[in-house]
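Student: what's the 3D shape of this:
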Amino acid sequence: MTAQPMPCMTLAEVNDFLAREFPQIDVGRSMIVQEVGSMSARLRLVASDQNLRPGGTISGPAMFALADVALYVAILAQIGPVALAVTINMNINFLRRPLAGDLIGDCRLLKLGKRLAVGEVSLHLPGDADPVAHAVGSYSIPPR
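Tutor: All right, here's what the predicted structure looks like:
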């Protein structure tokens, strides 16, 4: 079994990079990067009225954004501050209705190459291991 690569960016470095390069994400308020690890990341979507849809549930676009940013953060933590890594595909399956409240996105990278990264994100309510959604996505990594 091969050892998993350690991240080259710390949690603080990832948060600083996102605040500088992507202020629209509002890291620390609407989304919180809680952990970065070996080929992984955990983010929290802080629920607010702008994340809800009629019926008092987290909206699909908010869940999709959490999955996309979680995948981006997991990749950044491994390869360093590469602002131009971009989503090339993302599929999401909504499994059950999430109640209004915070949502956790746990990302695990499945492949990390020089030009392509593939990962999966499980979205669940805090304290509940059963996922409300599952996403699989891929990112293009620009040449260095």
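Student: Apart from its neighbours in sequence, what residue is nearest Asp130?
Tutor: His124 (6.4 Å; CB to CB, 6 or more residues apart in numbering). Backbone N, C-alpha and C define where each C-beta goes, glycine included.
Student: Give me the phi and psi angles of that neighbour.
Tutor: Phi and psi for His124, reported as degrees, to the nearest 10, are phi -150, psi 160.
Student: Does it have any beta-bridge partners, and if so which?
Tutor: His124 forms beta bridges with Ile104, Pro131, as assigned by DSSP bridges.
Student: Hmm, Asp106 and it touching each other?
Tutor: Yes. The pair His124 and Asp106 passes the contact test of CB atoms under 8 Å, sitting 7.4 Å apart.
Student: who are the neighbours in contact with the residue nearest to Pro143 when sequence neighbours are not counted?
Tutor: Nearest residue to Pro143 in three dimensions, chain neighbours excluded: Arg115, at 7.3 Å (CB to CB, 6+ apart). Residues near Arg115 by CB atoms under 8 Å, 6 or more residues apart in numbering: Ser140, Ile141, Pro143.
Student: what's the spacing between the worst-scoring helix or strand of the chain on mean pLDDT and its chain's center?
Tutor: Least confident element among the helices and strands of the chain, by mean pLDDT, DSSP states H and E: strand 52-53 (a mean of 81). Strand 52-53 sits 20 Å away from the centroid of its parent chain (CA atoms, centre = their mean, to the nearest Å).
Student: before we move on, what about stretch 109-124?
Tutor: When distances are taken as CA atoms, centre = their mean, stretch 109-124 is centred 10 Å away from the chain's centroid.
Student: Just the CA atoms of that stretch, as PDB, please.
Tutor: The C-alpha trace of stretch 109-124 is given here as PDB (Å, rounded to 0.1, in the frame of the first residue of the first chain):
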ATOM      1  CA  LEU A 109      -9.700  12.800  -4.000                       C
ATOM      2  CA  LEU A 110      -9.800   9.600  -6.100                       C
ATOM      3  CA  LYS A 111      -7.100  10.600  -8.600                       C
ATOM      4  CA  LEU A 112      -4.600  13.500  -8.600                       C
ATOM      5  CA  GLY A 113      -2.400  13.700 -11.700                       C
ATOM      6  CA  LYS A 114      -0.400  16.400 -13.300                       C
ATOM      7  CA  ARG A 115      -3.300  17.700 -15.400                       C
ATOM      8  CA  LEU A 116      -6.500  16.000 -14.000                       C
ATOM      9  CA  ALA A 117      -8.000  15.600 -10.500                       C
ATOM     10  CA  VAL A 118     -11.100  13.500  -9.700                       C
ATOM     11  CA  GLY A 119     -12.900  13.400  -6.400                       C
ATOM     12  CA  GLU A 120     -16.100  12.700  -4.600                       C
ATOM     13  CA  VAL A 121     -18.000  14.700  -2.000                       C
ATOM     14  CA  SER A 122     -20.500  13.400   0.500                       C
ATOM     15  CA  LEU A 123     -22.900  16.000   1.800                       C
ATOM     16  CA  HIS A 124     -24.500  15.400   5.200                       C
END
